[in-house]
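[1] The sequence and its predicted three-dimensional model are supplied below.
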Amino acid sequence: MKVEFFVTGSEQDCGIATYTTTLENALSVEYARTPLKLRSLDVFHYVVQSVRAGLTDADVVHVQHEYDIYGPKSVASWLVFPLLWLLTTLRGRPLVVTFHSAWGEETVAPPVESVKWAYLWLNNRLLTAVTDHAIFLSEDTREVFERTAPLSSVEVLPHGVPTDLYPMPQADAKRELGVSPNRPLVAEPGFVRPQKGYHLFVDVAERVDDVTFLVGGGIHEGTYEDYLADLRERCGDRVGITGVLDDEAFHALFNAMDVALLPYETVTQSGILNWCLAYEVPVVGTDVEQFADLRDDHGFPVVFPQDDPDAGAVAVRELLDDPTPVLETMRRYRDQHGMDAVASAHADLYRSLVGARG
């Protein structure tokens with residue numbers, strides 16, 4: 001049994017590439033990857049890689065999908081997915097697609113809303129038409145997608161808590177990041193964009209003394225440059241910004257953090273939250289639906305209202321003072337939702353799809 005992943009290359013600064021590497025490392029079946037550029041206008045590249053994936057010797061082709069992978073507004077997807085569908089169909093290979101996000105009603109904004117809605121609707125319908133089996137990482141993402149394009153074969157498999165960790169002493173990790181090992185560190189890891197609430201992160205930081213605050217990431221080239229410039233101006237000397245982290249620094253950050261502050265405006269699933277679970281970093285987040293549901297069902301993260309940085313500051317300080325209760329609930333959740341179990345579910349799915357085709 002062999003699966004061919006169709007996803008951004010491991011050298012790309014892309015959370016989905018990182019997720020796929022974590023999944024690959026936990027799989028019990030053979031795998032290979034057809035690597036893609038990220039957000040490129042090189043349509044020829046996407047066409048060539050689609051043909052390569054479609055002609056693979058693997059038993060299953062598995063796409064890790066996010067719209068922007070295929071260029072601005074997913075422009076190359078109009079060629080990529082018909083090609084993948086044609087070649088996998090002719091060769092009798094199941095085409096599996098994991099949707100890491102979903103275009104839906106909230107995606108459309110003025111101007112020309114009717115044109116944007118038609119484009120969104122047609123793109124989701126294209127994806128539905130070519131997919132033999134769909135996977136979503138959360139029920140919320142599935143619901144958003146299926147309001148525009150119902151799927152006939154679909155399931156939800158959780159993100160999974162990573163198990164490929166690189167532990168190091170916290171003081172050494174803080175020194176590697178250039179921050180004092182003698183002060184608590186609160187950080188928000190990830191690529192910088194407004195939806196992740198980095199402006200609220202700064203609001204909270206301004207209200208907490210004697211703590212180091214760090215924006216643990218940067219932007220993809222050509223995206224959110226004005227937002228990052230405004231953020232740098234507001235941060236001043238009080239909040240540091242690392243820029244995009246390489247793998248070594250990324251893992252150092254999770255070893256270094258005392259608390260992760262995730263003041264998201266919206267979230268359907270969070271790879272960063274799962275890394276916090278893996279490295280046992282207690283989390284404070286806004287009361288968006290997913291975080292509130294996790295808090296109600298599992299006891300973490302600590303949440304505060306999105307429009308109340310004062311409450312966020314109190315939550316950060318209280319968690320720094322006593323992280324034990326939250327860490328205990330996070331450990332229980334991690335033990336039940338590890339990547340090994342998620343990878344096993346993927347392997348079972350591949351076997352069942354291949355078996356169904358004889």
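    Perfect, thanks for sending it. Everything numeric in this text was worked out from a predicted model, so none of it was measured. Residues are numbered from 1 along each chain as shown.
[2] who touches residue 212 in this structure?
    Neighbouring residues of residue 212 by CB atoms under 8 Å, 6 or more residues apart in numbering: 179-180, 183-186, 240. (Each C-beta comes from the backbone N, C-alpha and C, glycine too.)
[3] Quickly name whichever of those is closest to residue 172.
    Using CB to CB, residue 179 is the member of the contacts of residue 212 that lies nearest residue 172, at 11.8 Å.
[4] how near is that closest one to residue 189?
    14 Å (CB to CB, to the nearest Å).
[5] same thing with residue 142?
    For residue 142, the distance to residue 189 - CB to CB - is 26 Å.
[6] Could you do residue 8 as well?
    With CB to CB as the criterion, residue 8 and residue 189 are 18 Å apart.
[7] And residue 173, by the same measure?
    Residue 173 is 13 Å from residue 189, by CB to CB.
[8] For stretch 76-87, buried residues please.
    For stretch 76-87, burial by neighbour count (16 or more other CB atoms under 10 Å) applies to 76-77, 80-81, 83-85, 87.
[9] which residues touch stretch 128-141?
    Under the contact criterion CB under 8 Å, 6+ apart, stretch 128-141 has outside partners 81-82, 84-85, 88, 94-102, 142, 145, 149-151, 153-159, 268-269, 289-290, 349, 353.
[10] again, only this time at 6 Å
    81, 85, 94-99, 102, 142, 149, 151, 153-154, 156-157, 159, 268-269 (CB atoms under 6 Å, 6 or more residues apart in numbering).
[11] Could you check how far it is from the centre of its chain?
    16 Å (CA atoms, centre = their mean, to the nearest Å).
[12] Also stretch 28-38?
    For stretch 28-38, the distance to the chain centre is 17 Å (CA atoms, centre = their mean).
[13] pLDDT on it, on average?
    Averaging pLDDT along stretch 28-38 yields 97.
[14] can you list contacts of that stretch?
    Identification of contacts with stretch 28-38 by CB under 6 Å, 6+ apart yields 1-6, 8-9, 12, 14, 24, 45, 49, 52-53, 347.
[15] In terms of distance to residue 63, which of those residues ranks first?
    Using CB to CB, these come closest to residue 63 at residue 6, 4.5 Å.
[16] quick one: secondary structure of the closest one?
    Under DSSP: H, G, I helix; E, B strand; the rest coil, the three-state class of residue 6 is strand.
[17] Please work out how many residues are found near it.
    When neighbours are defined as other CB atoms under 10 Å, residue 6 has 26 of them.
[18] Ok, residue 131 next?
    24.
[19] Now the phi/psi pair for it, please.
    Backbone torsions for residue 131, taken as degrees, to the nearest 10, come to phi -90, psi 120.
[20] what's the spacing between it and residue 157?
    With CB to CB as the criterion, residue 131 and residue 157 are 15 Å apart.
[21] Same question for residue 307.
    Distance of residue 307 to residue 157, given as CB to CB: 33 Å.
[22] likewise residue 48?
    Look at residue 48 and residue 157: by CB to CB, they are 30 Å apart.
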